[in-house]
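Undergrad: Okay, here's the prediction I keep looking at, along with the sequence it came from:
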Amino acid sequence: MQIVIAGAGSVGRSIARELISHGHEVTLVDRSAEAMRIASVPEADWQLADACDIEALERAGAESCDVIVAATGDDKANLVISLLAKTEYGV
């Protein structure tokens, strides 16, 4: 499966590692440059962007992914990301 994870904090990276270990393709998206700890999950694709933005989700591959995980530290952002995933991409 192709999975986009919004939020590259400890939760997002942990989910990414688990999914990658099971053979899934993962893209991590975070708006904070400090969260870009690429060496912690080198097998994932990384995007420095705000996942609440439709264009950012499109660049991350939301239109062709199977799952979008909203794992940011901001509940409001997670709700927006989930709503966009459902209404714009049917995910």
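TA: Structure received.

Undergrad: Do a quick rundown of the helices in this structure.
TA: 10-21, 54-60, 75-89 (DSSP state H).

Undergrad: tell me the contacts of Arg31?
TA: Residues near Arg31 by CB atoms under 8 Å, 6 or more residues apart in numbering: 48-51. In short, each C-beta sits where N, CA and C put it, glycine included.

Undergrad: Buried subset of the residues you listed, written for ChimeraX?
TA: Applying 16 or more other CB atoms under 10 Å to these, the buried members can be selected in ChimeraX as follows:
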select :49,50,51
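
Undergrad: quick revisit: wait, which of the helices of the chain is closest to Glu34?
TA: helix 10-21 (12.5 Å; CB to CB).

Undergrad: hmm, who's touching that closest one?
TA: 1, 3, 5-6, 8, 26, 28, 30, 37, 40-41, 43-44, 69, 71-72.

Undergrad: Then stretch 53-65?
TA: Contacts for stretch 53-65 (CB under 8 Å, 6+ apart): 1-4, 27, 29, 45, 47, 49-51, 68, 81, 84-85, 88-89, 91.

Undergrad: Go again with 7 Å.
TA: 2-4, 27, 29, 47, 49-51, 68, 84-85, 88-89, 91 (CB atoms under 7 Å, 6 or more residues apart in numbering).

Undergrad: try stretch 32-44
TA: 8-9, 13, 16-17, 20, 26-28, 30, 46, 48.

Undergrad: Pull out the buried members of those residues.
TA: So, by 16+ other CB under 10 Å, the buried ones in the contacts of stretch 32-44 are 8-9, 13, 16, 20, 26-28, 30, 46.

Undergrad: With distance to Gly61 as extra columns, can I get the residues you listed in JSON lines?
TA: Shown next, in JSON lines, are those (distance: CB to CB, whole Å):
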{"residue": "Ala8", "distance to Gly61": "15"}
{"residue": "Gly9", "distance to Gly61": "20"}
{"residue": "Arg13", "distance to Gly61": "18"}
{"residue": "Ala16", "distance to Gly61": "14"}
{"residue": "Ile20", "distance to Gly61": "15"}
{"residue": "Val26", "distance to Gly61": "10"}
{"residue": "Thr27", "distance to Gly61": "6"}
{"residue": "Leu28", "distance to Gly61": "12"}
{"residue": "Asp30", "distance to Gly61": "15"}
{"residue": "Trp46", "distance to Gly61": "12"}
